[in-house]
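Peer 1: Dropping the sequence and predicted coords here.
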Amino acid sequence: MSLEQLLAWVPPGSPDERLAREINVEQLPSHVAVIMDGNGRWAAQRHLPRVEGHRAGIESVRDVVETSARLGIDVLTLYAFSIENWKRPRAEVNTLMLLLKRYIRLELKTLIDNNIQFHAIGRVEELAPDVRHELDLGIRQTERNTGMQFNIALNYGGRAEIVDAARRAMAAGIPPEALDERTFGGFLYTAGQPDPDLLIRTSGEMRVSNFLLWQIAYAEIWVTETLWPDFRRRHLLEAVLAYQKRDRRYGGIKPSPVALGAK
Ligand code: IPE
Ligand code: IPE
Ligand code: MG
């Protein structure tokens with residue numbers, strides 16, 4: 001996909017079009033990860049039950065997935081349900097699972113049309129059989145797609161992922177001296193994918209809530225006060241533009257033009 005694909009989809013003359021045209025397509029984040037937060041607050045502001053916030057959040061997911069794919073992002077990871085979210089009331093958890101199943105069923109065609117490869121990351125095997133069934137369908141029907149990889153993080157915990165990776169490395173018989181950061185990364189749920197360059201969190205909270213702890217080592221973090229159900233293409237484009245103004249140093253120093261030219 002490309003900027004043209006995005007522009008073909010954005011209303012001409014809109015603020016979104018102006019934002020899209022400002023983006024440097026040579027400098028896109030390869031992997032964007034999003035902590036979708038604020039559904040409950042969105043509902044509370046409207047005197048609605050929390051689950052209405054989750055329902056409204058589906059529209060944001062649709063918009064962000066298609067925008068990312070059209071823009072040419074390689075990997076998009078959305079945090080949908082953490083291991084800690086089981087602490088919530090049963091009815092809320094059930095609705096979240098129901099919405100997830102419905103999302104996959106209704107969006108499969110859009111995923112296929114946009115050449116998106118769907119993945120689920122987390123302790124997926126602990127989810128209910130009906131949820132796993134829906135996930136498997138989505139994964140199987142998109143496995144040959146070659147465009148954006150879309151990970152949905154479900155029953156996901158960053159620490160659990162690291163523990164699971166350690167267990168897998170041991171089960172694979174990796175000798176301790178052969179285990180380095182690269183090898184270890186190959187046992188994570190995101191094996192083979194680049195680490196997130198850009199981590200977005202909605203609703204203003206300044207924490208990572210156990211998300212991709214290993215992979216976000218050098219991610220650029222962008223937090224917006226916007227609540228997830230209000231998050232749209234425009235906000236994603238704003239985040240990418242902010243990312244493109246960052247100076248990523250990875251612990252080094254910014255090379256000055258003089259140093260760059262020096263022998
Ligand atoms: C994010 O919204 C959705 C999930 C964590 C599943 P919340 O439900 O956490 O909304 P707030 O943070 O209570 O507003
Ligand atoms: C993070 O949001 C988890 C997801 C977005 C799925 P939470 O609402 O669960 O995080 P905390 O509790 O505010 O840290
Ligand atoms: Mg929250």
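Peer 2: Right, received. Where do you want to start? Ligands and ions are numbered 1, 2, ... in the order given.

Peer 1: Break down the chain into its strands, ranges please.
Peer 2: Here the chain has its strands, by DSSP state E, at 31-35, 75-82, 117-121, 149-156, 198-201, 220-223.

Peer 1: Would you format those strands as JSON lines with mean neighbour count, mean pLDDT and distance to residue 67 included?
Peer 2: Every residue, glycine included, has its C-beta placed from N, CA and C. Shown next, in JSON lines, are those (neighbours: other CB atoms under 10 Å; pLDDT from 0 to 100; distance: least, CB to CB, whole Å):
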{"stretch": "strand 31-35", "mean neighbour count": "26", "mean pLDDT": "99", "distance to residue 67": "10"}
{"stretch": "strand 75-82", "mean neighbour count": "23", "mean pLDDT": "98", "distance to residue 67": "9"}
{"stretch": "strand 117-121", "mean neighbour count": "21", "mean pLDDT": "98", "distance to residue 67": "16"}
{"stretch": "strand 149-156", "mean neighbour count": "24", "mean pLDDT": "98", "distance to residue 67": "12"}
{"stretch": "strand 198-201", "mean neighbour count": "25", "mean pLDDT": "98", "distance to residue 67": "12"}
{"stretch": "strand 220-223", "mean neighbour count": "18", "mean pLDDT": "98", "distance to residue 67": "15"}
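
Peer 1: Dump the ones you listed to CSV, plus distance to residue 54.
Peer 2: Shown next, in CSV, are these (distance: least, CB to CB, whole Å):
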stretch, distance to residue 54
strand 31-35, 15
strand 75-82, 10
strand 117-121, 18
strand 149-156, 14
strand 198-201, 17
strand 220-223, 21
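
Peer 1: Now those strands in a markdown table, please, with extra columns for distance to ligand 1.
Peer 2: Converted to a markdown table, the strands of the chain look like this (distance: least, CB to the nearest ligand atom, whole Å):
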| stretch | distance to ligand 1 |
| --- | --- |
| strand 31-35 | 8 |
| strand 75-82 | 5 |
| strand 117-121 | 15 |
| strand 149-156 | 10 |
| strand 198-201 | 10 |
| strand 220-223 | 13 |
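
Peer 1: Can you tell me the closest non-neighbouring residue to residue 172?
Peer 2: In space, and not counting its chain neighbours, residue 172 is closest to residue 187: 7.5 Å by CB to CB, 6 or more residues apart in numbering.
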